[in-house]
Every structure is written in C-alpha cells, then in structure tokens.
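Peer 1: just coords:
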C-alpha cells in the first residue's frame, strides 16, 4: 500500500470518527422558545401520566405526545433540582433516567410539573397547559413479579414468570416454560413481599408440582393427598412456615357475545401446607361439602384466615318444567374469615366479613394491606374468575369501620388481581382498560385515610411498547427486591425426581372419599 | 477453442453440466412437485421487523438460526422465490459437502457423492413441517468446518482456540449442530495431524459448552441444550432421513480415509478407472444414478395426502372454492378437516343443500365443524368456520387457540383484527394491525383494514364484513361445543339473515337424521330467498312423508320437484323389489341414488 493511499484511508477514518462524535457525543441544543401561543388545555399524552401521585423510585414515565408537531420540547421541573429538558423530533418522549431519578429524589413529597411545547410546520411554537405529578414521600417496592402469556384459552404456548425492576426498565425471567418442557406455570406468590420466600406451581409434564423457595433452599412438593387434589390459589402465612391453598375444580366455558371466556368452579376447599412438616391439613369449616371456599389470604398478624365462600355448586342447578338449568350468573361468593391459633395450629370461630347478599355481587381475591388497615378485593356481578368479567372492579374494605367502598381507580373494563406494596402506600392491579383483552399492571397510591389516587400504567422504555404487545400480564405481585435464585436452579429442582416431596396428610384429617370428584387445580389461575 | 472446450466441458463435466442440471431439476421439482407456498400454508412463518421480536430469539441457543429461517421463509409466500431459496440452499450444501470431502482427500474426483446430502435434504423438504433452521444449521456447521480447514494452523493450540471460537458461535446460532461440526473437526484432526490431545479437548468442549449454557446461561431443558435443532420433532418419510444425512458426513470422511490408507495404489488406480470412464459415459452413468436416487427417495418422502390437504387449505384461505371442490374427491376425504373444507366449499358455491351427499358424509356433524378433540390440529380452520357463520366470539376464541399452536402468525393476527373490528373492539384491532404493519408481507393488508377502525360505514360497505356485521350473533348465550345445532338455532334467533347458519343448521339436522326438523323449518326458506326447495331438503321431506304418521305438512308455497318425486318412487320400488331388505338393495340403490340423502339415511 503506498503512502498516499494510507494517508487517504487515515484521513477518511478520522472524518468519519468526527462525524460520529458530533452526532453521538455532542448533545443537541435545546431550542430557545421565547415566542409561543398558549393552548388552554393539557396535551394528550399516552400513556396518561398526567395528574398522578408517583413513587419517588419509579422508572421514567416515558410517553407519546399525541399532538401535531414537527418537533417537541418538554420541560420537567420541580421546586428543587435542575429542570429536565428534552427536545424530541418525534412525539416519542424518552426521559433520561439519571436526571429523572435526581429530580424525583429532590422533590419527594412535592410536585413536579411538565411543560410541553409543539413546533408547528411554520416554525412557530405552541405551549400546552402544564400538568403535574405529585412525588410521594413513600417509595414503592422496587420489583414487580408477573406471569406473561398469550391471552389464555384452552391451549398455551410460551409462558414465563418474570420480574421487572420498577426503578428502571430491566426485566428478567424468574422461570420460563422453555426450561420446563413448555408446561404451564402459575400462581407465583411471595411471603410478605419477600423475594426470598416465594412459590409457584408447574402444571403438566415431568416437572409438575409446587416449587417453594426459602432463601435459596428450593423444594418441589406434590400437595395432592388423600384429602384433596393439589393446591391452587396460594397465600403465605406471615410466619413463612405455612401456605394456605384453595383446591378448585375449574371449567372454562364460553359466551357468544362480549368477553367470550368464563369459568365455573364446581367444587373447592381450602387446605394448609406446613412446609417444615411437609404436611397438609384442613378443618371442616374451610373444607365444607356444603360450600365452595376459595381465594385464601392471611391477616398480617397471622391470626385470621380470610377467604371467599359460596354455597355448593349443586345449589345453583335449577330443575324446572323437566328442564335442568345452571344458574351460573347467580353464583356469588361472600367474604369470610376464621380465627387461627398459631401457637397450637387450631382453628376458632368462622364469621362473615362481607356478605354477597349485602353487596349484591360476588366478592373475590381479598388481600389485606400489610399495616392491617384495609382489605382490597374485587367484586363482579357473579362467578369466581374476575379477570374474565367486565363487571369486575377493585373495592376496599376499611377493616376498622367495616365499611367498603369503590376507589376511584376503576374503569368500565375488567379490574382484577391486585397486590399491596410492603409499606401499604401503593398497590398494583390488573386492568384491561387498554384493549379489553390483555391485562396490564396499573399502580396507585393509597393515603393513610384509604383514598386511592389516579392509577398509572407500568412504564416502558419505549412508550409505544404496549401498542404491539399482545401478551397479557398476569398476577402482578410487588416484591421488595429481585428474586435472586436463578431460573436454572428452579429448573434443576423441577426435574429432580429424587428430591421431589410428596406431602403427607395430617393424621387428624379424614381422607376425602370425594377426592376423585375434585379436579386437579387445573391450569386456570386468576389474572 | 477446442482446447478450451475440452478443458471446460470434458474435464469438468460435473461442474458445468451435471451440477447445473441437478440444480435446475431441484428448482423445478421444488417449484412444481413440492410447491413452497404449501410450506407457508403449513408453517405460517411470521417475521416482525421489531427489536422485541429479535430479542426473543436470543433467549436460547439455536434462536438465531430460527430467526434467520423465519426471515427467509417469507419467500415461501411466493412459489418461485421459495423454490429459488431452497435451490440456493441445496447448491450451498453440495458445494460445502464437496469441500468437506476434499479436506480429507484432495482428489478432484469427487464424482456425484457430494449430491447425496442435497438429495437427502430435498427429501426432508418433502415434509411440509420441515424447518428451514435445520438447513441453516447444516450450512453453518459445514461452512465453519470449511473455514476451519482453510486456516489449517500447524500449532494445535491455535486450532483449539479456533475450534472454541467457532463452536461457541455455532452453538449460539444453531445449538445442536455444534455436534456435526465437532465430529467433522475431530476426524480432520485425527487424519491431518494425528494429535490426540486436541481431539480430547474438542470432545470436552462439545460437552462443556452446552452444559455451561443449560446450567448458567439459558433457561432450557438439558435435552434441548444438547439436541435442539439437530433432532427434529417431526416425522419424516422415511423416518431416519435426517440421521442418514448427519451420518453421511462422518461416514464419507472415514471411507475416504480408509480408501487412502488401506487400498494399495494399484487397487486405487483400478477403482478410479472404473469411475473415470470416458466423460460421456461417466456423465451418463452419474446422471442416471443421481436421477434414480432422487426419484426413489422423493417418491418415498413426499406425502401426497398431506400435500392435497394443504392445497385444499391454501385454496380455501384464498376463497377459491371451485378449486377446493376440484381437489376433493369422494376417495380422498380421509379426515374430518377435509370434510369440513368440502362442506364450506359447497356452501360458498351454493351447493351444500343440493350436493353434500354426493360425497361421503361419514363424519356426521363433525363434518361441519370438527370436534374440539382434534381442534388443536387446525384451530384456525375452526375459527374460519365460525367466522363464516358469524359466530364471531367463537372465531376469536379459536384464533387465540391458534396463537398457542402456531404463534402470532399473520393469519391469526388478521383473524383477530377482523373479529375485533366486527365486535367494535377497536384498540385490540389496532394492536393487531400494528403488529401486521411490522411484517414483511402484510403491511398493505393492515393499511387497508386500518381504515375500518372506528368507521362503521366503511364496514357496512364491505361485502363480506358488512354481511358478517349484520348477520353476526347479537344476543349472548353459552356456547355448547357438543351441541352445534343448539348454537346455530340461537344464532338464527338473533340473526335472521344468516343464511350460512341456516344451511349449516339444516345440514346438521340431516346429518343427525333429524329430518323432521328440516320439515319444521321449511317456512324459513322464504326468509332466505330460496326459489325452490333445495334437493336434499326435498329428499328429507319425502323421507319424512313416508313415515306413517307424517302425511301432512305445509310446503309454504313451494312444491316438490317432479324429478325428486319420481326418484323417490323409484327408490321405493327398488327397495320393494328386495322385499324391503335395505342391505340387499344396497348396491342397486347406491348405484342409482348414492348421491341422495336417502342413501345417507339408509346406510349411515
């Protein structure tokens, strides 16, 4: 290669580097907008992140400006710290994470404001009415665990349980079914938002069973005994030693109009699994043949087991004029609770906390705030599977006054599964308000008086993420940190036949002659 | 000139005549005999131009080969482009096979051996589920082996380093195909360098890499870690073809070594003499052997029944109902799926009520909508039927089931977009259209139907969707999968103009021998604008009238065709001539009236 050629190549490379440097490293200058017209309304943005209460540790709330404009200028500022200025050549607004965190941290307990300007085609600017968000003093548990799957019908494809860091956009799998022979997995559950104490069910195939992780010690157990089939909906006792399960016999059926899916529970009971003893127990009050008991949850002090109960399935079968009819739309569950004596593992009196006769609706999915003040539940017109019911909404029961109310977080579409943050100030719930089919996690702040504030959608790095995402977020659970056990460890235990445990039945519990009539917990779970 | 001719064509007759001839025949065989568009029909490959779609394939070894194969498989949408792609793959495999053999034996006299894997690969392509990722894995292993042999480092440490680098790359891209590469490299190492310790390292690495991946890096099963992509999950004809293909490489390399090592020079010369016949003769023999091998294997591997089914499905998807009827004969109705397509085609060509019994309706009601137990085989077809029937929720339900079986394929998305538009669920429709907009082939479709979102007047003006919008069921009821006629009756109560629901309901009654219900529904013929009573309904009426208690029924301004009446009297006469013994009369009745409802009633 002659010298001239070498010089030519070196010069060319240097110019190219300079160009790259110019475009990548030198920050683009924000426009100075001295002259603009005012639009007397806030801008339309998607997702709707206006007038919210937001956690101080949430990832940037990136959004689209759904307004005409060839260029956009966004200024986010609070009473403290440097304002955050973004110029966008498209309506997509991606907020730099570092500056966003600084701004939120410096404005805890205060407002931050958004000024949005759009440049018209003639080069003039218009400014929309500013909107604000209130940065709460209390943070939200920094991880969210959920299952991702196609909207479920009879068959399933790829299923996985994932965790998302809410302080940024990192999403990691806890376990996916590519590692477990493409089986189904569901009902991931944590003890008091603790990522180190979790469980999940694996359904079908060689890995079937319930995986329980206690600080890295993972076991797989088959909770089916002579008393019942395997457990389904779980609830950890606060002591971390017991898990209450419902045992359900679910059948999917279909409607010809509207949301096509619906579910019948033909029979259900509650059982308690003692992890250390590897033992299943129950008591007649929570496994009555005359009632269907489901959706267990413990009071934070561990002294009460709350659950939902409806009269037995047969009581909804009507025989009229030689015609048998199932009054499925009249199946309604009431909220019950039973005293549990932790010191000796015995049960006390059962009472009705909130009756479906009183509310006129079915009461499902109770969860009590960790401070013990509020019980959140879903109510729908009928049935036991709120995620498929458009009428399903979130309600709150004040445990001190016994009064329940509908917080202002609901939509005309399905609101369903919910989970409290460990500090009781935040909760996440599933909502189908976006497209009426795929559930998405929404977060809401709850103040000390039990007032819930406008909910907001789980933020994504690309605000257009949801517009082409047909997968549903299922069972969102807030946790205080990441699940550190690797997916491979779960896979390893799932396949380990020798270490798989078979739960024993408490000798005090009589085997159930009707076990065969109870289906396995099935593959359906509340979403 | 003559010298050049000799040089080019006589000495290299394989390269200049045999290979092009082989590849041309491959192209036309794939184009006309296999027809790549049927791969698309079977596999519904979809490719999205999004980073999220790409990222999904990075989550497991072999994902990248699948990603690229999905991209390439878009060419199957066009027969000629698909055939061209497969021909290119075949030619690359032949080239790399030749190079692999030459890596051991530098002789130029490879003859036709290098075509054997290509022929085996075409045989694999005769199975319409055959994944293109297998081809890519094969190409990748051979390609990396080719590069590996070209480097030919004398320092074993360098060879080990190169092997490590390549094997990690192959494993990440094509998973189990690491083993083909490993076997070739091991043989090469033993033959060329006769060093044993690199071989041991190669073997250890080949176990170690997948082990590390399954243990620490990817969420996969141990089986997948070692065999993914290499061991296909589909049944080929003959069953062991892929394994013969894989075994070919070590076997041919070992044979080459043995040939060089153990045969005396004299013997080798004699063998060569046999093969190195005069060019023309050699060419002729090779061509004949090649052709015979191809014909034999291709005949064994192509499943004609599967091909016909796919052709039927393909034409049904395009709405080529006459072509569907052309493809279906009474002899090839061997599944309920074909029967369902037949009855759909008969309805869409206006012949269901007059010709359905010209075909064996042995599936009974399942021939209208096949039962749920086999629905996993063709969930989208089940959705198609419900869509045609205006049973939109069920069409949507089965489109979602199809998602679980075939993934987010374009057809599944199209169906979901249309059902959502019809249901007025526009955000969901938008979502599907957004996804289709990111595909290579269905952008314009998405663009077209995006106009229908929030635009009911456009919907009403669309011939098909407008009709479906007006005829779809409006009142809710619980779907009863085992009682199809009950669903149809309920649909008809709320959608009085739903002609397909009516004809399917009548067909269901006929198939269930409930011809009294056909009589009960005669009054509805006027609602649907029938000028005459369709032939099979007439046959049902006459059969009904023959029962002692059923003499009187209302024909509602219609009359029975004298020809049908005459035929019925004739059939009665034939039966009487056999003293009412229908089994003895079977041949006579089937010969004359085998295409009537009466024959179905008597013999089904």
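Peer 2: Arrived safely, thanks for sending. Note that the structure is a prediction, hence the values are computed from the model and not measured.
Peer 1: need the contact partners of stretch B:166-182.
Peer 2: With contact meaning CB atoms under 8 Å, 6 or more residues apart in numbering or on different chains, stretch B:166-182 is reached by B:60-62, B:64-65, B:133, B:136-138, B:140-142, B:144-145, B:147-148, B:202-203, B:205-206, B:209-210, B:213, B:224-231, B:246, B:249. In short, each C-beta sits where N, CA and C put it, glycine included.
Peer 1: any regions of the chain where pLDDT drops low?
Peer 2: Since no chain was named, I'll use chain A. A:1-6, A:9, A:20-30, A:513-527 (pLDDT under 70).
Peer 1: um, chain B though
Peer 2: Residues of chain B that meet the cut-off, pLDDT under 70, sit at B:1-15, B:106-111, B:263-264, B:268-269, B:271-280, B:282-283, B:550-551.
Peer 1: pull the longest helix from it.
Peer 2: Scanning chain B for the helix with the most residues, using DSSP state H, yields helix B:79-104.
Peer 1: buried stuff in that helix?
Peer 2: B:79, B:81-87, B:89-104 (16 or more other CB atoms under 10 Å in any protein chain shown).
Peer 1: now do the helix or strand just after it: everything it contacts.
Peer 2: Later in the chain than helix B:79-104, the nearest helix or strand by DSSP states H and E is helix B:115-125. Helix B:115-125 is contacted from outside by B:22, B:26, B:29-30, B:34, B:86, B:89-91, B:93-94, B:97, B:130, B:134-135, B:138, B:236, B:238, B:241-242, B:244-245, B:248-249, B:252, B:290, B:293-294, B:297-298, B:300-301, using CB under 8 Å, 6+ apart.
Peer 1: the residues you listed in helices, which ones?
Peer 2: B:22, B:26, B:86, B:89-91, B:93-94, B:97, B:134-135, B:138, B:241-242, B:244-245, B:248-249, B:252, B:290, B:293-294, B:297-298, B:300-301.
Peer 1: list the contacts for the closest residue to chain A within the stretch 51-200 of chain B?
Peer 2: In the stretch 51-200 of chain B, the residue that lies nearest chain A is residue B:60 (6.0 Å; CB to the nearest CB). Residue B:60 makes contact with A:178, B:175, B:218-220, B:224, B:228, according to CB under 8 Å, 6+ apart.
Peer 1: go again with 7 Å.
Peer 2: Contacts for residue B:60 (CB atoms under 7 Å, 6 or more residues apart in numbering or on different chains) come out as A:178, B:218, B:220.
Peer 1: secondary structure class for the last one?
Peer 2: It refers to residue B:220. coil (DSSP: H, G, I helix; E, B strand; the rest coil).
Peer 1: which of the contacts of helix B:115-125 are buried?
Peer 2: Counted by 16+ other CB under 10 Å, the contacts of helix B:115-125 give B:22, B:26, B:29-30, B:34, B:86, B:89-91, B:93-94, B:97, B:130, B:134-135, B:138, B:236, B:241-242, B:245, B:248-249, B:252, B:290, B:293-294, B:297-298, B:301 as buried.
Peer 1: which bits of chain A sit near chain B?
Peer 2: Residues of chain A found near chain B (CB under 7 Å from any CB of the partner chain) are A:150-151, A:153-157, A:173, A:175-176, A:178-179, A:181, A:253-258, A:260, A:434-437, A:467-468, A:470, A:487-488, A:491.
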